[in-house]
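Visitor: Okay, structure incoming, though there's no sequence with it:
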């Protein structure tokens, strides 16, 4: 029977603080990419250009129907065979950003579709060009209903960052595994990883809720 | 279906072409023909009211003019220039978006459900077009918008969001928003239909004032027969996708000639 060693916890703490920073960076960076890519995906699907619409829809479907782990491997290992040599960090952020971008585009789509047809027509009646119609009229109204879904995927991307450990990104999971290999202690490192994920995920839902209310208030769209 | 476009002039010449002309305009959704070969001229400064049973295509007339609906055949002209088409190599071809935007800038529209931008204040709604489309400096756009909000009696509510305004108030802001773009043609699509009876006059009074003080060309779809009779220069009765009868309000409401017009007016009178 193995006993829990608090001294090991304190000893490992600095390494985990560092790894937590890297995990947050991976999640934040990946999410940043996903937020922008998702927007591009959804707008491209709504252009009158049939080829673009079709290609984008199929691409999003492809990304959503294949495992993230495969996509990470693909970018990191298959990329170089086509001359695309990327660091683990870059490859990881691209893979995770594209993956979650596909999911976020669906969330945006729901938000955009919740904006009534009358808003598009009113924008047309004052002759707003299409890009401004999106930026000034549609997207601000599509945002509040999309926030809850966006928040879920923020937590989702955070919990998926351990997948980056397989290509050597030194985030929490990777750190714990390395420690295990060095010391043959697995209980404390993995428990600490779990505790850190829990501590960061739990308040997220609360803050997302607060953020949503704040956005609604700021936009004057109180339910 | 290819149409022989040579039957339509490239532009309307002469001194007295109408502000708006629908020439043989047809609109269909699949096999359902909503408007059938519509011919309608509206002169500059004229107030034309469109009445008729639901499904008669009256709202579609306004929506086509605002380019919210495409047309299947025919040509719409605005100030002598084609709106739905443009000239290329001496022929009319379907208009591109730049052409449509240029002609569309002459037209403003108010909707049954107001369609104010809910995330902007009353003032913000009015300033949006002048700032974002006309590229006016903010100060100038604000002055223009405030003047219009004053005219519709909404200056005090300038900083309120639409959710804080009643239907009548929202519609008045929507009228100011449309006018802020300085259109030559204003379209009113059942602007009082969604309002409670006691606030309808708020909106009709504003339209009355517009007719008295502005030299706008106006097209209005309404169910308010009294208002139509009082304010219009001409009333068009639509039935089944075409104009069944038209004339001065006095003639159309008091001595209608067509059987369907009589039936419709009787039915409306009974309902009231």
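Guide: Looks like it arrived, so ask away. As the structure is a computational prediction, the values presented were derived from the model and not from experiment.
Visitor: For residue A:133, give me its contacts.
Guide: The contact partners of residue A:133, by C-beta atoms under 8 Å, 6 or more residues apart in numbering or on different chains, come to A:120, A:123, A:124. Placement of C-beta: from N, CA and C, glycine included.
Visitor: Out of the residues you listed, the closest to chain B would be?
Guide: Chain B has its nearest neighbour among the contacts of residue A:133 in residue A:124, at 6.3 Å by C-beta to the nearest C-beta.
Visitor: Distance of that closest one relative to residue B:111?
Guide: Distance, residue A:124 to residue B:111, using C-beta to C-beta, to the nearest Å: 11 Å.
Visitor: Who has more neighbours out of these two?
Guide: Between residue A:124 and residue B:111, counted using other C-beta atoms under 10 Å in any protein chain shown, the more crowded position is residue B:111 (25 against 19).
Visitor: what's near enough to touch the most centrally placed residue in chain A?
Guide: Geometric centre of chain A, nearest residue: residue A:31, 3.5 Å, by C-alpha atoms, centre = their mean. Counting by C-beta under 8 Å, 6+ apart, residue A:31 touches A:97, A:100, A:153, A:154, A:157.
Visitor: ok, now with 7 Å
Guide: A:100, A:154, A:157 (C-beta atoms under 7 Å, 6 or more residues apart in numbering or on different chains).
Visitor: Return the closest of those residues with respect to residue B:157.
Guide: Lowest distance from residue B:157 to these (C-beta to C-beta) belongs to residue A:154, with 38.0 Å.
Visitor: Let me know the pLDDT of that closest one.
Guide: Note on residue A:154: pLDDT of 94.
Visitor: Next, it: phi, psi?
Guide: Residue A:154 adopts backbone torsions of phi -60, psi -50, taken as degrees, to the nearest 10.
Visitor: Near residue 170, how many other residues are there?
Guide: You didn't say which chain, so I picked chain A. Residues near residue A:170, counting by other C-beta under 10 Å, number 18.
Visitor: wait, I meant chain B there
Guide: Residues within reach of residue B:170, counting by other C-beta under 10 Å, total 26.
Visitor: quick one, what contacts it?
Guide: By C-beta under 7 Å, 6+ apart, residue B:170 lies in contact with B:114, B:116, B:162.
Visitor: again, but for residue A:34
Guide: Counting by C-beta under 7 Å, 6+ apart, residue A:34 makes contact with A:97, A:100, A:101, A:104, A:157.
Visitor: Settle this for me: the second one is touching residue A:157, isn't it.
Guide: Meaning residue A:100. Yes: judged on C-beta atoms under 7 Å, residue A:100 makes contact with residue A:157 at a distance of 5.1 Å.
Visitor: out of those two, which sits in the busier spot?
Guide: Using other C-beta under 10 Å, the more surrounded residue of residue A:100 and residue A:157 is residue A:100, with 27 against 24.
Visitor: Leaving out the residues flanking it, which one is nearest to that one?
Guide: Using C-beta to C-beta, 6 or more residues apart in numbering or on different chains and skipping residues adjacent in sequence, the residue nearest residue A:100 is residue A:34, 3.6 Å away.
Visitor: and if you look at residue A:160?
Guide: Among residues not flanking residue A:160 along the chain, residue A:68 sits closest, at 6.0 Å (C-beta to C-beta, 6+ apart).
Visitor: Can you verify my assumption that that neighbour contacts residue A:164?
Guide: No: look at residue A:68 against residue A:164 with C-beta under 7 Å: they stay out of range, at 9.7 Å.
Visitor: between these two, who's got more neighbours?
Guide: Remark: of residue A:68 and residue A:164, residue A:164 carries more neighbours, 29 against 18, as counted by other C-beta under 10 Å.
Visitor: From what I see, the more buried one and residue A:92 are in contact.
Guide: Yes: taking C-beta under 7 Å as the definition, residue A:164 is a contact partner of residue A:92 at 4.1 Å.
Visitor: what residues do the two have in common as contacts?
Guide: A:26, A:72.
Visitor: and chain A, which residues reach chain B?
Guide: A:118-119, A:121-122, A:124-128, A:132, A:136-137, A:140-141, A:219-222 (C-beta under 7 Å from any C-beta of the partner chain).
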